[in-house]
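Trainee: this is the structure alone, sequence omitted:
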């Protein structure tokens, strides 16, 4: 029986295929690559102990089953202590762990603007994945001294009491501290809202906050149009402590990306009290020796290395800046506690919010006597400096005399006038929430205060009088407004022009008209 041509050609095809497979098998040389695989020895709240990874380095990222990541924190001879960055309920002793050979990094770039993310870069706003092409380590060294420039440009907050009396410069670190529910977050959000149109990118980092509080803050930023230039990095109160620990570092790396491209950036840490508590929790679980108030010995260092990354770069490095507003919560007005004193010594000044002023309805409740800006005065506009010195002195005198007057002492006329003038200063420094005031309007109000235009106004009409002065500031000539923005001293002519404009406002005393000359009898 003869084989058909089709079957013979099929046999030849198979022969050639098997010959190729045999040759490939003979030429193949297996390459063995060693891979370290460790095992979990124990899991507790937020941490895991792992053995069998002798090559893992400090702060290296390690991978657990289920996509959970962790950071090697304690590197001992026999085991490593790992801070977990995800849900660890499904981890069990004996599970495999692998090193990654890299440190923790985060996505950076313009694709983050308007987004709400967690410290790992995962979106929390339901608007799809984050699209960025670049990543940076969350822990980066601060800029060297020779790469830094002086703080010479102001960062306007839109709050009269801060811009006039406690000025902040771009590249400064200004601490906001006070008891619970005194308006610390409101000051930070007001500052973010005032950066609209100022070419400043903002990063708001919420650390261990209630989800409802974060949702309210994001809704406010979105309603006012501030999310166009803002990134929100969030860890909620029910997140693992490891996420709360890395949150400010990840947010700072996101901000540094824009600073290194020459842009001005504002970052708010709300608040570092929760950050310190998360680090204390992790350190105690990892059996690190406790110190004062059970905080570990390097609690100062974790905040100093974070805030040292905020600076103003020199022109050779692009001239960008990173301004930091860390927030700290005090207990019973005790600003000499451990964490507050640490942050006060690290930062370039502090804004202290007084519960007493808050209860009196003085909002923002800034205690001018306990607040200071150590470098912002050099960056403050010259027009502010022309009026702020007299204003601060008059306000300090008023606070001293007000305390004295509470004892029912009889006051002379000059003392009474000083107290009445001080009460109007306090009334003018009040400001509603989320209503920033422009620079010309602030200068007009402050000049009217210094000139004593508000002194005849009853206290219950001060809000209307101040609002009228703000509306009158819209009539300031454009050339005067340009000089207000420039770093030039306020001239006597410009000062008089603004005082005259403020004097014409409703509720303010009008200039007395000269009596008509009597007609001469023929």
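Mentor: Cool, got the structure. As the structure is a prediction and not an experimental result, all values here were calculated from the model. Numbers count the residues shown, from 1 in each chain.
Trainee: after the helix or strand harbouring residue 136, next one along is what?
Mentor: Element membership of residue 136, judged by DSSP states H and E, is strand 134-137. Proceeding N to C from strand 134-137, the next assigned helix or strand is helix 160-165, under DSSP H and E.
Trainee: what packs against that following helix?
Mentor: helix 382-405, helix 413-429, helix 439-450 (3 or more C-beta pairs under 8 Å, 6 or more residues apart in numbering; DSSP states H and E). (C-beta placed from N, C-alpha, C; glycine too.)
Trainee: ok, and what's touching the next helix or strand after it?
Mentor: Remark: after helix 160-165, the chain's next helix or strand is strand 175-178, criterion DSSP H and E. By C-beta atoms under 8 Å, 6 or more residues apart in numbering, the list of residues contacting strand 175-178 from outside reads 184, 187-188, 325-330, 335, 340, 343-344, 347, 349-355, 365.
Trainee: now strand 175-178: average pLDDT?
Mentor: Strand 175-178 shows a mean pLDDT of 97.
Trainee: next structured bit after the lowest-mean-pLDDT helix or strand in the chain?
Mentor: The weakest-scoring helix or strand in the chain, judged by mean pLDDT, DSSP states H and E, is helix 5-27 (a mean of 73). Next along the chain after helix 5-27, taking DSSP H and E as the criterion, comes strand 37-44.
Trainee: how about that following strand: buried residues?
Mentor: 38, 40, 41, 43 (16 or more other C-beta atoms under 10 Å).
Trainee: chain center to that strand, what's the gap?
Mentor: What separates the centre of strand 37-44 from the centre of its chain is 36 Å, taken as C-alpha atoms, centre = their mean, to the nearest Å.
Trainee: with stretch 401-419 instead?
Mentor: 41 Å.
Trainee: got it, and stretch 313-333?
Mentor: Distance, stretch centre to chain centre, for stretch 313-333: 7 Å (C-alpha atoms, centre = their mean).
Trainee: for residue 57, what are its contacts?
Mentor: 72, 75.
Trainee: is it in a helix, a strand, or coil?
Mentor: coil (DSSP: H, G, I helix; E, B strand; the rest coil).
Trainee: mind putting the buried residues of strand 37-44 into JSON lines with distance to residue 460 and pLDDT?
Mentor: Output for the buried residues of strand 37-44, formatted as JSON lines (distance: C-beta to C-beta, whole Å; pLDDT from 0 to 100):
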{"residue": "38", "distance to residue 460": "71", "pLDDT": "93"}
{"residue": "40", "distance to residue 460": "68", "pLDDT": "96"}
{"residue": "41", "distance to residue 460": "70", "pLDDT": "95"}
{"residue": "43", "distance to residue 460": "63", "pLDDT": "95"}
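Trainee: relative to residue 208, which of those residues is nearest.
Mentor: Distance to residue 208, by C-beta to C-beta, is smallest for residue 43 among those, at 21.5 Å.
Trainee: nearest spatial neighbour of the closest one, chain-adjacent residues omitted?
Mentor: Spatially, and ignoring its direct neighbours in sequence, residue 43 is nearest to residue 91 (5.0 Å; C-beta to C-beta, 6 or more residues apart in numbering).
Trainee: doesn't that neighbour belong to a strand?
Mentor: No: according to three-state DSSP, residue 91 belongs to no strand; its state is coil.
Trainee: residue contacts, it?
Mentor: 40, 43, 48, 64, 65, 66, 68, 84.
Trainee: local confidence estimate at the closest residue to residue 484 other than its chain neighbours?
Mentor: Leaving aside its chain neighbours, residue 484 sits nearest to residue 383 (5.2 Å; criterion: C-beta to C-beta, 6+ apart). pLDDT for residue 383: 85.
Trainee: repeat that for residue 34.
Mentor: 77.
Trainee: likewise residue 2?
Mentor: Confidence for residue 2, expressed as pLDDT, is 49.
Trainee: where does residue 49 sit: helix, strand or coil?
Mentor: Going by three-state DSSP: residue 49 is strand.
Trainee: which sections of the protein are below the confidence cut-off?
Mentor: Low-confidence regions of the chain, defined by pLDDT under 70, span residues 1-10, 408-409, 487, 506-522.
Trainee: what is the end-to-end distance of stretch 155-169?
Mentor: When the termini of stretch 155-169 are compared using C-alpha to C-alpha, to the nearest Å, they are 5 Å apart.
Trainee: and what of stretch 47-64?
Mentor: End-to-end for stretch 47-64, by C-alpha to C-alpha: 12 Å.
Trainee: what residues sit buried inside that stretch?
Mentor: 47, 48, 49, 50, 52, 53, 56, 60, 61, 62, 64.
Trainee: before we move on, what about stretch 294-301?
Mentor: So for stretch 294-301, counting by 16+ other C-beta under 10 Å, buried means 295, 296, 299, 300.
Trainee: now, those that are in helices?
Mentor: Of the positions in the buried residues of stretch 294-301, 299, 300 sit in helices, assigned by DSSP state H.
Trainee: just the buried residues of stretch 294-301 now: which is nearest residue 154?
Mentor: Closest to residue 154, out of all of these and judged by C-beta to C-beta, is residue 300, at 29.4 Å.
Trainee: can you say which helix or strand has the closest residue to the closest one other than its chain neighbours in it?
Mentor: What sits nearest to residue 300 in space, not counting adjacent residues and going by C-beta to C-beta, 6+ apart, is residue 342, at 5.1 Å. Assigned by DSSP H and E, residue 342 falls within helix 338-346.
Trainee: quick one: contacts of whichever helix or strand comes after that helix?
Mentor: Note on helix 338-346: by DSSP H and E, the next helix or strand toward the C-terminus is strand 349-353. With contact meaning C-beta under 8 Å, 6+ apart, strand 349-353 is reached by 162, 166, 168, 172, 174-179, 182-184, 187, 335, 343-344, 364-367, 370-376.
Trainee: buried subset of these as a PyMOL selection?
Mentor: Of the contacts of strand 349-353, the buried ones can be selected in PyMOL as follows, counting by 16+ other C-beta under 10 Å:
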select buried, resi 162+166+168+172+174+175+176+177+178+179+182+183+184+187+335+343+344+364+365+366+367+371+372+373+375+376
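Trainee: tell me the contacts of the residue nearest to residue 484?
Mentor: 439, 443, 483, 484, 489, 490.
Trainee: change it to 6 Å
Mentor: Residue 383 makes contacts with 443, 484, 490, as judged by C-beta atoms under 6 Å, 6 or more residues apart in numbering.
Trainee: find the nearest non-adjacent residue to residue 268, please.
Mentor: Excluding the flanking residues, the one nearest residue 268 by C-beta to C-beta, 6+ apart is residue 188, at 4.3 Å.
Trainee: ok and whichever strand or helix holds the one you found relative to strand 349-353, angle-wise?
Mentor: Taking DSSP H and E as the criterion, residue 188 maps to helix 184-193. Going by axes from the mean of the first three to the mean of the last three C-alpha atoms, to 10 degrees, helix 184-193 is angled at 120 degrees with respect to strand 349-353.
Trainee: list the buried residues of helix 184-193.
Mentor: Neighbour-count burial for helix 184-193 [16+ other C-beta under 10 Å]: 184, 185, 186, 187, 188, 189, 190, 191, 192, 193.
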